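Peer 1: Need coordinates for the below:
(one chain, ligands or ions: 1)
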Amino acid sequence: MFLKFNFQKWHGLRSDDLEPSSSLALCREFAGGTVKRSTSLSLRIFMRNMRVLMKAPIVLSIVACYIVSSFTFHTFAEEKNLASINGTVKAKKAKYLKDTIVYIEHVPGTFEPQKERAVIDQKNMAFIPHVLPILQGTTVDFLNSDMVQHNVYSLDAVADNFNLGTWLKGETRPFTFSKLGIASIRCNVHVDMLAYVLVLQNPFFAKVNNEGKFSIVNVPEGKYVLKVWNERFKAENKQIEVKADTTTTREFDLK
Ligand SMILES: [Cu+2]
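Peer 2: Next up, the predicted model:
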């Protein structure tokens with residue numbers, strides 16, 4: 001009985017796992033005898049241990065799933081706490097909506113510009129894009145992709161009245177916009193070439209689509225002034241209060 005008890009404990013067997021015939025076989029095995037019944041029992045024990053070992057990856061998978069799902073839920077919950085500002089900008093003609101920017105004038109805090117630089121290309125005798133909204137502190141690479149020489153300059157203090165010079169195809173010259181405001185960019189070789197750089201205090205801005213719709217996402221809670229910039233027309237500023245988990249909607253009329 002003692003032997004049976006320890007054997008059961010060692011292999012985690014229940015008492016019904018050890019039938020009388022098995023006990024006999026076990027005794028024979030310990031006595032140095034080899035019989036078919038003991039082989040059968042050893043196989044069963046081996047299989048049981050293997051089953052336990054095979055369960056380990058399943059348990060690990062369940063733990064991993066739990067960690068991943070809880071992390072996903074946490075991230076989702078965090079995103080859910082941030083609000084959006086949606087809306088539409090209207091103009092007499094749809095073509096006037098092109099390059100219209102909607103932005104929050106000021107959001108408390110400081111915002112680091114992306115390390116990735118913005119680019120204004122000079123291609124087919126035009127600045128591309130025509131309007132570039134950027135976060136204060138962003139560096140813009142001015143690239144010449146035409147076969148002719150282009151120049152880049154600005155008469156605005158926002159751009160430190162810069163003149164980056166005149167250069168050939170394939171060359172790029174950078175400028176870091178550190179002052180808030182709107183800089184008009186020109187080329188002194190081709191007087192029709194014009195671009196605008198909107199240097200903004202925060203990253204909460206959006207360009208409207210062809211229908212004038214815009215969406216600014218992940219906005220922190222607060223009271224703000226929502227503004228619109230358009231090359232030709234103006235629209236009244238909107239006072240907005242952004243609350244968590246909500247979408248604030250505003251419409252603008254360009255006149
Ligand atoms: Cu030019």
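
Peer 1: what does the stretch 51-200 of the chain have sitting close to the ion?
Peer 2: Proximity of the stretch 51-200 of the chain to the ion (CB under 5 Å from the ion) is limited to residues 150, 187, 189-190, 193. For glycine as for every other residue, the C-beta is placed from the backbone atoms N, C-alpha and C.

Peer 1: out of the residues you listed, which is most surrounded?
Peer 2: residue 150 (25 neighbours; other CB atoms under 10 Å).

Peer 1: contacting residues around it?
Peer 2: By CB atoms under 8 Å, 6 or more residues apart in numbering, the contact set of residue 150 is 122, 144, 166-167, 187, 189-190, 193.

Peer 1: Residue 121 too?
Peer 2: Per CB under 8 Å, 6+ apart, neighbours of residue 121: 127-128, 143, 145.

Peer 1: and with 10 Å instead?
Peer 2: Neighbouring residues of residue 121 by CB atoms under 10 Å, 6 or more residues apart in numbering: 127-129, 141-146, 172, 195.

Peer 1: Of the residues you listed, which count as buried by neighbour count?
Peer 2: For the contacts of residue 121, a neighbour count by 16 or more other CB atoms under 10 Å gives the buried set as 127, 129, 142-144, 146, 172, 195.

Peer 1: Run through the bridge partners of the closest residue to residue 213 other than its chain neighbours.
Peer 2: Using CB to CB, 6 or more residues apart in numbering and skipping residues adjacent in sequence, the residue nearest residue 213 is residue 88, 5.3 Å away. Per DSSP bridges, residues listed as beta-bridge partners of residue 88: residue 213, residue 251.

Peer 1: Give the burial count for residue 88, as a bare number.
Peer 2: Residues lying near residue 88 (other CB under 10 Å) number 17.

Peer 1: any idea how far the ion is from it?
Peer 2: Computed as CB to the ion, to the nearest Å, the residue 88 to the ion distance reads 35 Å.

Peer 1: List the residues that contact that residue.
Peer 2: 97, 102, 208-209, 211-214, 249-253.

Peer 1: now residue 109
Peer 2: By CB under 10 Å, 6+ apart, residue 109 lies in contact with 201-202, 220.

Peer 1: rewinding a little: could the residues of the stretch 51-200 of the chain next to the ion be laid out in a markdown table, adding secondary structure and pLDDT?
Peer 2: A markdown table is the format used below for those (DSSP: H, G, I helix; E, B strand; the rest coil; pLDDT from 0 to 100):
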| residue | secondary structure | pLDDT |
| --- | --- | --- |
| 150 | strand | 98 |
| 187 | coil | 98 |
| 189 | coil | 98 |
| 190 | coil | 98 |
| 193 | coil | 98 |
